[in-house]
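**Q** Build me a model from this:
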Amino acid sequence: MDALQPILRRELTAAAPPRLLIGGPLQPLAGADDRCCDPEAALTEPFTRRYDLGVFWDEGRLAPGETRRLLARLRDLYCARVLAVAGPGAALVDANEWRALGYARETRLAGETALYVFDVRHYKPVPDWFNPKNWAHPELWDKYRW
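**A** Down below sits the predicted model:
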């Protein structure tokens, strides 16, 4: 936990999130609008608002299926960016499971602790073909039958 605090502080100051969602045994960190939530409650409570950054500590309290559901819910509903810490006893231990959920960047901390990051801006770059010059050819509309 001690090795994690400077990394979390660096990530928070780099992002400067005005709204922060924290789940797990982490203390509230500096943010304009912090909200601490119980991971079990985040699985069941209705969606009310989106946060800029979510911080989640996986300490193995949830079953692997529930942990996957929670990480997907944080990623899809609650936060555009999620920092997830897998500590000793974490439900998800394989890095491939984290990558499958979109948590790509991995930083190994002391012991068995690792930090995984999901950022929607870096999740999938916009492909080159996805622009009007490659698919919208109005000059060809009368020439070919598609």
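**Q** is R35 in a bridge, and if so with what?
**A** On the basis of DSSP bridges, R35 is bridged to L21.
**Q** where's A91 relative to R121, distance?
**A** A91 sits 27 Å away from R121, going by Cβ to Cβ, to the nearest Å. Where you see a C-beta, it was placed from the backbone N, CA and C, and this is true even at glycine.
**Q** These two - which one has more neighbours?
**A** A91 (19 against 8; other Cβ atoms under 10 Å).
**Q** mind listing the strands in this protein by residue range?
**A** 19-23, 33-37, 53-58, 81-86, 105-108, 114-119 (DSSP state E).
**Q** and T67, which of those strands is closest to it?
**A** Closest to T67 of the strands of the chain, according to Cβ to Cβ: strand 53-58, at 5.9 Å.
**Q** Indicate each strand paired with the closest one and its parallel or antiparallel sense.
**A** For strand 53-58, using DSSP bridges, the partner strands are strand 19-23 (parallel), strand 81-86 (parallel).
**Q** and A84, what are its bridge partners?
**A** According to DSSP bridges, beta-bridge pairing links A84 with F56, Y116.
**Q** Check the contact between it and L53; I expect there is one.
**A** No. Using Cβ atoms under 8 Å, A84 is not in contact with L53; the gap is 11.5 Å.
**Q** Over stretch 90-108, what's the mean pLDDT, rounded is fine.
**A** Stretch 90-108 shows an average pLDDT of 82 in the prediction.
**Q** want to throw the strands of the chain into TSV with distance to R73 and mean neighbour count?
**A** As requested, those are exported to TSV (distance: least, Cβ to Cβ, whole Å; neighbours: other Cβ atoms under 10 Å):
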stretch	distance to R73	mean neighbour count
strand 19-23	10	22
strand 33-37	11	15
strand 53-58	10	25
strand 81-86	10	24
strand 105-108	20	12
strand 114-119	12	20
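**Q** All good on my end, thank you.
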